[in-house]
Every structure is written in C-alpha cells, then in structure tokens.
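A.B. asks: Give me the fold of what follows.
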Amino acid sequence: MPEQNQPKRLTEVPKCLPVLFIVGIITTLYVIYIFWHCVPLLQLHQPVNLRDQAKVSRGTADLIAFLVISSLLVICYIRSICTDPGQIPDTKEWIYYEERSRQDSGPATGVYETKRTGERRHCKWCNKYKPDRCHHCRVCRTCILKMDHHCPWIYNCVGFKNQKFFFQLLFYTFVCTQLISWTMFSSMKQALDEDQDFYNMFALLFGETLCGFLGIMATAFFGFHIWLMSKAMSTIEFCEKSMKKTGYNHSAYDRGICANFADVLGDWPWLWLLPIADYKGDGLSFKHSSADERTSLTGDMEPAVEEDQVFAPPPGTAASLHHR
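C.D. replies: Predicted structure coming up:
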C-alpha cells in the first residue's frame, strides 16, 4: 500500500531538534567571534587617534571575511533544508500496478539498475517505478531521486536537486571553522596570558574548542564528499559496494572528474560556489561511462539497500559518522 497523508516536515517538532541544535551552534559561534574577537580588535571604545591601526585592519579583514562566508553558509543551510531533493513524477509512465507489471514482465529497457530478474525496480510504498539511483526514504516517506542519504541535521534527504547546496554547506562549514580557529586563537591566547575576565576567557576558549572539533569533522566529511563526487557515487552507492566488496572505487556513472563535478555543481565553474540551482537533467536518467556496466548493475544495486528502508551506513565509515 502506498503511504498516505505524508505530514509536513516542519510540523514534526521532535525531528526538528537536530536542526535547532545546529542553529544554536551557528548562533553561538557567530556571537563569540564577533563580540569577543572582532569587536575588541576594532577598539570601538577608544578614540580614533589612540587605536592600534594594525589591529583595526586585522579586525576589519576578519569581520568582512567572516560575514561573507557565514552568510553563504546560512543560505546554503536553508536551501539544503527547504529544497525538495526530487521525487518521481506522478505521470502515467511511472505509476506501478500489477496488471501493468505482468504486461511489462520482460527485461527492463532504458534503465541500468534492475532487479535480479531483469525487471524494472518499483517501490511498494509509493507504487511507482523507480528510476536509476532512486531510493525510498521512510523518514521523508517518498522516493528520492539520486538519493545520497537522509541527513537528520538538515531534516531532509540529500538528493538530485539539493546535492549542490549540501556540498556547498560542507565547503562553507569547512572554510568558516578553519577561519574562526586560526584567527581567534591569538585572542584566546591573549585572554589566557593576561588573565582577563572569566567570561572573556571562557567564551573564547569554548568557541575555539567547539570550532576546532567541528572543523575536524567538517574537514573529514567535506573530503569524503569530494572523493564521492570525483567518483560519481552517492553515499548509498559507496556503502552498497563496500558491503558487497564489488569495487567501491568505481562507478558506472563515472565520466571523468570534470564531468562528474559538473553533473552536481553545474556547467559553469564560476557558479559552483554560489547557492544557485544549476543541476543538469531531470534526475530520472543518467549518462554512463560505458554500456557494458549494465551487467554489473543488474541484480546488484537493488538488494543492498531495500526499497522500504531508511539508509543507514555501516558503522566505522565516514558515511556512518555523517549519518549520525
């Protein structure tokens, strides 16, 4: 039976808690960096002629860089949450029913990923045929085009239409945490050396520690997704191949690094870092590296992640840390 009455995501308050937690972290680091690092460097309490111009210049540069990067981070985060990752159309050719299934019982045509029998994959929850790289998510209660994984931190699936925003979110998180960690370190050291007010020392030390921890995680996740994109693989495809040990460093959709990046980020490199939707295609079909890859995909892609499960990466992998 297809799932009915899919609820509006933002009305499910408990599932929004991870998002609220991330918003709290962003707000905390934003306040600490501006008011405990940038403002003291700008020396706004001092007359202009008594200010240390070297510190003023440094504080101005840090503040401008931080505001630009953090603004892009917030925009990408909002777009990752609010952008529909892509769903199977409701048109007739994608609707599945048993009579039609018996009529189309022969080998599937026009798709690479099939069942072991060679028939087209379909979702028993949505009652639709599934295009290549599509999987059902029980949290979102729908099939997601080119599903990468369900991320509780954005309370959304990462899929065809929002993968670019998610990748940009990782990139700007990486850049922002590195910026805060390296530029605020001197302010923290000075506060500790001079034995400043407890609240100043605590805020700077807490902000530096938190940002350093997040920076390590963001660097690992960002590097992992760069590698996935260079191989034209989603997180699900990586974990499927890892569990089956079928050569997880190769994908049937791999057409070279430049083409792989362009498939996600768009054809124009000067737009790759801007939160502008620039995906190619419709998410229903994908170009392949060679026609002979069909043999390895038929009967191999479907069983590893069942169509009625939520994706859960194996423990111990970078993907599993990201999923949590």
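
A.B. asks: and the spatially most central residue of the chain, what does it touch?
C.D. replies: Nearest residue to the geometric centre of the chain (Cα atoms, centre = their mean): Phe166, 3.3 Å. With contact set as Cβ atoms under 8 Å, 6 or more residues apart in numbering, Phe166 has these partners: Cys76, Ser80, Asp148, Cys151, Ile154, Val158. Every residue, glycine included, has its C-beta placed from N, CA and C.

A.B. asks: Report pLDDT for Trp227.
C.D. replies: The model reports Trp227 with a pLDDT of 94.

A.B. asks: what about it, neighbour count?
C.D. replies: For Trp227, the neighbour count with other Cβ atoms under 10 Å is 13.

A.B. asks: hmm, back to that, what about the residue nearest to the centre of the chain, distance to His250?
C.D. replies: Spatial separation of Phe166 from His250 under the definition Cβ to Cβ, to the nearest Å is 23 Å.

A.B. asks: sorry, back to before: look up which helix or strand the residue nearest to the centre of the chain falls in, please.
C.D. replies: Assessed by DSSP states H and E, Phe166 sits inside helix 163-193.

A.B. asks: Quick one: name whatever helix or strand follows the helix ranked longest in the chain.
C.D. replies: Longest helix of the chain, by residue count under DSSP state H: helix 198-230. Scanning forward in sequence from helix 198-230, with DSSP H and E defining helices and strands, the next element found is helix 235-244.

A.B. asks: by contact count, what packs against that following helix?
C.D. replies: helix 301-304, helix 318-323 (3 or more Cβ pairs under 8 Å, 6 or more residues apart in numbering; DSSP states H and E).

A.B. asks: okay, it in CSV with CA atoms only?
C.D. replies: Taking only C-alpha atoms (Å, rounded to 0.1, in the frame of the first residue of the first chain), the coordinates of helix 235-244 have been written out as CSV:
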residue,chain,number,x,y,z
THR,A,235,26.9,7.7,-0.2
ILE,A,236,24.4,4.9,-0.7
GLU,A,237,26.2,3.5,-3.7
PHE,A,238,29.5,3.7,-1.8
CYS,A,239,28.2,1.7,1.1
GLU,A,240,26.4,-0.8,-1.1
LYS,A,241,29.7,-1.5,-2.9
SER,A,242,31.7,-1.5,0.3
MET,A,243,29.4,-4.1,1.9
LYS,A,244,29.4,-6.3,-1.2
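
A.B. asks: Give the buried residues for that helix.
C.D. replies: Within helix 235-244, the residues scored as buried using 16 or more other Cβ atoms under 10 Å are Thr235, Ile236, Glu237, Phe238, Cys239, Glu240, Lys241, Ser242.

A.B. asks: And the fifth one, how far from Trp227?
C.D. replies: This points to Cys239. Distance, Cys239 to Trp227, by Cβ to Cβ: 14 Å.

A.B. asks: ditto for the fourth one
C.D. replies: Separation of Phe238 from Trp227 (Cβ to Cβ): 9 Å.

A.B. asks: where are the low-confidence patches of this structure?
C.D. replies: Residues of the chain meeting the criterion pLDDT under 70: 1-11, 98-110, 242-249, 289-324.
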